[in-house]
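Peer 1: Sharing a model that was predicted from the sequence below.
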Amino acid sequence: MDGSDDEKKDGDYFPFVDIIVPIFNEETTISKTLHSLLALDYPKDKYNIFAINDGSTDNTLEVLKKFEDKKNIIVLSKENGGKHTALNLGIQTSKAEFIGCLDADSFVDREALKLIVQRFRNENVMAVTPSVVIDDANNIIRKTQKAEYQYGNFVRKAFCAIGAIHIAPGPFSFYRKSVFEKVGMYRKAHNTEDMEMAMRLQKNGYKIVNEPRALVYTVGPNSIKKLYKQRVRWVSGFLANLIDYKGMVFNKKYGDLGLIVLPFAAFGVFLSFFVFIKGVVSLFNSLWMEFEKIYFGGFYFHAPNFDWFYFDTSAVSILGLSLIAVTIFTVWLGHKISTGKWHFSFEVIYFLTVYIIISPFWITKAIYNTVTTKDASWR
């Protein structure tokens with residue numbers, strides 16, 4: 001069960017919470033982030049915001065100083081040590097029963113906190129994840145990510161139903177503070193601390209649920225280069241954490257997470273790599289054959305002629321088309337989950353075409369990083 005049966009409808013549950021915002025060189029987004037937290041539909045005397053400057057080298061600190069007079073905001077500065085150290089400082093400083101994290105390039109819906117805390121009425125719940133949506137999808141790269149995040153919101157809800165959430169995203173995941181006393185603080189974790197923390201909770205048998213109605217908007221990379229670096233870090237971190245927690249894979253003690261989700265996620269990464277390499281080899285062979293034809297027989301042009309008789313009906317092709325159909329339907333459902341509306345958008349077409357072309361490159365790099373035990377950089 002995902003905990004929804006334990007949720008009461010009266011809405012009078014407002015426990016005190018602390019929200020930690022780790023910040024490094026986010027001068028252009030941090031103001032909007034903090035204003036979104038100040039605008040939460042939640043009693044103002046029931047939450048604090050720890051804005052933690054992790055040794056920024058731009059004008060982030062000057063922006064933060066403008067918020068120091070706000071009752072709910074506590075500004076802290078420290079030497080740069082990485083996101084996990086900023087989160088740990090906030091946890092150590094907090095005296096609240098519940099602690100949330102919010103990336104400095106993300107913005108919350110007014111209702112998000114109120115919805116999330118209701119899930120903690122179930123005393124077995126130790127962490128709650130939201131739905132994450134791309135903010136301002138103003139170019140093809142961000143439109144592609146918008147569809148991907150809708151897909152992810154559906155998958156997260158599905159994983160919640162089978163107790164298999166293995167990533168608690170940086171944008172607005174919440175925890176009982178007591179869980180950190182039981183399993184320890186954040187670790188660097190190959191620059192994917194949110195993934196590692198969720199894996200650690202799962203390993204220790206603690207329940208993570210999803211609140212799909214709690215919306216958080218995040219700024220996605222706006223170029224292929226930035227997207228590539230982010231995804232190399234994500235996939236590298238997943239593979240490295242999977243190695244660290246290899247004892248969970250194919251282990252029935254961890255239910256569907258150990259028997260299905262983690263093995264299939266790893267299989268998907270390596271299958272993508274294999275298909276990419278196979279495609280490169282096939283392309284090279286085709287080009288070489290064309291070169292030989294031109295070299296020995298001369299160049300000639302003939303118009304392509306499509307004939308349904310030659311349509312590929314192999315099992316692999318049918319499977320591929322089926323996966324495309326399932327992906328489109330899943331993105332559609334993800335949009336319904338996060339917005340409450342049925343809506344088809346051509347963003348899913350961007351998702352299918354753009355990612356098919358570029359995702360093999362960051363998967364290949366991530367596998368290389370894993371083999372060479374090299375951590376991917378943040379920026």
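Peer 2: The structure has been received and is ready for your questions.
Peer 1: Would you mind pulling up the elements that the top helix by length along the chain packs against?
Peer 2: Longest helix in the chain, counting residues (DSSP state H): helix 262-297. Applying 3 or more C-beta pairs under 8 Å, 6 or more residues apart in numbering; DSSP states H and E, one finds that helix 262-297 contacts helix 224-244, helix 347-371. C-beta coordinates here come from the backbone N, C-alpha and C atoms, glycine included.
Peer 1: repeat that for 6 Å
Peer 2: When contacts are defined as 3 or more C-beta pairs under 6 Å, 6 or more residues apart in numbering; DSSP states H and E, helix 262-297 sits against helix 347-371.
Peer 1: Show me what the helix it packs on is packed against.
Peer 2: helix 140-161, helix 224-244, helix 262-297.
Peer 1: how about TSV for those, with distance to Ile49 added?
Peer 2: As requested, the helices and strands packed on helix 347-371 are exported to TSV (distance: least, C-beta to C-beta, whole Å):
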stretch	distance to Ile49
helix 140-161	24
helix 224-244	25
helix 262-297	34
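Peer 1: Mind checking these for the one nearest to Thr372?
Peer 2: With C-beta to C-beta as the measure, helix 224-244 is the member of those nearest Thr372 (10.2 Å).
Peer 1: Please identify the buried residues of that closest one?
Peer 2: 227-242, 244 (16 or more other C-beta atoms under 10 Å).
Peer 1: relative to helix 347-371, how tilted is that helix?
Peer 2: Helix 224-244 and helix 347-371 are oriented at 50 degrees to each other (axes from the mean of the first three to the mean of the last three C-alpha atoms, to 10 degrees).
Peer 1: From the rest of the structure, what touches helix 224-244?
Peer 2: For helix 224-244, the surrounding residues in contact (C-beta atoms under 6 Å, 6 or more residues apart in numbering) are 141, 190-192, 195-196, 199, 221, 266, 362-363, 365-366, 369-370, 376.
Peer 1: what's the angle between that helix and helix 262-297?
Peer 2: 130 degrees.
Peer 1: could you turn helix 224-244 into CSV, dropping everything but the C-alphas?
Peer 2: Output of helix 224-244 as CSV, limited to C-alpha atoms (Å, rounded to 0.1, in the frame of the first residue of the first chain):
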residue,chain,number,x,y,z
ILE,A,224,22.4,19.4,-25.0
LYS,A,225,25.7,20.0,-23.4
LYS,A,226,24.2,20.7,-20.0
LEU,A,227,21.7,17.9,-20.3
TYR,A,228,24.5,15.5,-21.2
LYS,A,229,26.5,16.4,-18.1
GLN,A,230,23.5,16.1,-15.8
ARG,A,231,22.5,12.7,-17.2
VAL,A,232,26.0,11.4,-17.1
ARG,A,233,26.0,12.2,-13.4
TRP,A,234,22.6,10.6,-12.8
VAL,A,235,23.4,7.3,-14.7
SER,A,236,26.9,7.1,-13.3
GLY,A,237,25.5,7.6,-9.8
PHE,A,238,22.8,5.0,-10.3
LEU,A,239,25.4,2.4,-11.5
ALA,A,240,27.8,3.2,-8.7
ASN,A,241,25.1,3.1,-6.0
LEU,A,242,23.9,-0.1,-7.5
ILE,A,243,27.3,-1.6,-7.0
ASP,A,244,27.4,-0.3,-3.4
